[in-house]
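Pasting the sequence and the predicted coordinates here, then a few questions.
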Amino acid sequence: MDMSGMVMTTSLTESSASTTSLMMNMATSTTNSIIMNMSGTATSSMDMGSTSTSASDSSSSSSSSSSSSSSSSMSMTMTCTMSMLWNWYSKDVCFISSQWKTSTKAIFGGTCVGCFALLIVINWWRRILTEYKIYCAEIREKEIQHLLDNGVEIKKIEDSFTHISTDNNVFSEFMIPLKDSATHKWYWALNKNLSIEKGDKIYIYPSIFEHLIYCVGDTIEWSVHHVIMLLFMYFNGYVFISCMIGAGTGFLLMQYKNINISRRGDNVSKRCCL
């Protein structure tokens, strides 16, 4: 009995030891597999993160390079040599707009020639407007003379200075002309004969159509003068000299005209060549 009990105890002990070793082996294999899975997952995560980081780095570098290249190209195209002081710049000078850029010597030379020609043209245009006004006045004067010869009455406006007394009244000398000017008699002189009689003088006015034409011409002249003013504001010596020579040449060619009108017999000798 004792020997059999001992044998049974020994067998139970061996079986429990084998069971324990089996369980330990299973636990070890499970732990190893978990560790392997975790390491694989971590490795894949690290690979994906490194891939996304490299992709973002490459995209950021490409975007930064593209932005730098675009900014450099913009700076190259928009760079203008300008100064608010007297200067003699001729390279990359922008006038009025960035599109008007003297990137070459030929363009700058053309700019100077254009300024010279612009001053001649504006003198020619001014003379055209003056001659047009004189021509309209001559036609209207003949019409008024024809009306006077036929006994047609011309609209009369009372002379303001007839109300001023000779007692040196400063208040009257100041207020009467101001009052008459404020009544806009000079504006309402428009009538069917296009003339008014004031004292011993007859004032002739252009028609509405003639006045509109002169208004358009004066607006063009005003605009060109302001373009010339903007060119002067760049203080470029070459442009200034070109405009100055153009203004002198234009006046010499286009502004030669009579300085006064003299009629034969009005203290002028008949032998005079006027």
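Nice, thanks for sending it over.

now the strands: where do they sit in the stretch 101-250 of the chain?
All strands of the stretch 101-250 of the chain, identified by DSSP state E, counting those that start in this stretch, fall at 101-102, 155-156, 195-198, 201-204.

what residues does the first one touch?
This means strand 101-102. 80, 90-95, 107-108, 111 (C-beta atoms under 8 Å, 6 or more residues apart in numbering). Using the backbone N, CA and C atoms, a C-beta is placed for each residue, glycine as well.

So which of those are in helices?
Among those, DSSP state H puts 107-108, 111 in helices.

ok, the residues you listed vs Gly250, which is closest?
Among the ones in helices among the contacts of strand 101-102, Thr111 lies closest to Gly250 (C-beta to C-beta), at 17.7 Å.

these two touch, right, that closest one and Ser90?
No - between Thr111 and Ser90 no contact is recorded; they are 9.4 Å apart, counting by C-beta atoms under 8 Å.

Quick one, which of the ones in helices among the contacts of strand 101-102 are buried?
108, 111 (16 or more other C-beta atoms under 10 Å).

can you redo the ones in helices among the contacts of strand 101-102 as CSV with pLDDT and distance to Asn123?
What follows is those, written out as CSV (pLDDT from 0 to 100; distance: C-beta to C-beta, whole Å):
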residue, pLDDT, distance to Asn123
Ile107, 94, 25
Phe108, 95, 24
Thr111, 95, 19
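
quick one: least confident helix or strand in this structure?
Lowest by mean pLDDT, DSSP states H and E among the helices and strands of the chain is helix 2-78, with a mean of 47.

thinking again about what came up before, can I get the ones in helices among the contacts of strand 101-102 in CSV with distance to Ile202?
Converted to CSV, those look like this (distance: C-beta to C-beta, whole Å):
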residue, distance to Ile202
Ile107, 55
Phe108, 55
Thr111, 50
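
any low-confidence regions in the stretch 101-250 of the chain?
Across the stretch 101-250 of the chain, the ranges flagged by pLDDT under 70 are 159-170, 172.

ok so, going back, which among the ones in helices among the contacts of strand 101-102 gets closest to Leu148?
Looking across those and measuring by C-beta to C-beta, the closest to Leu148 is Thr111, at 55.2 Å.
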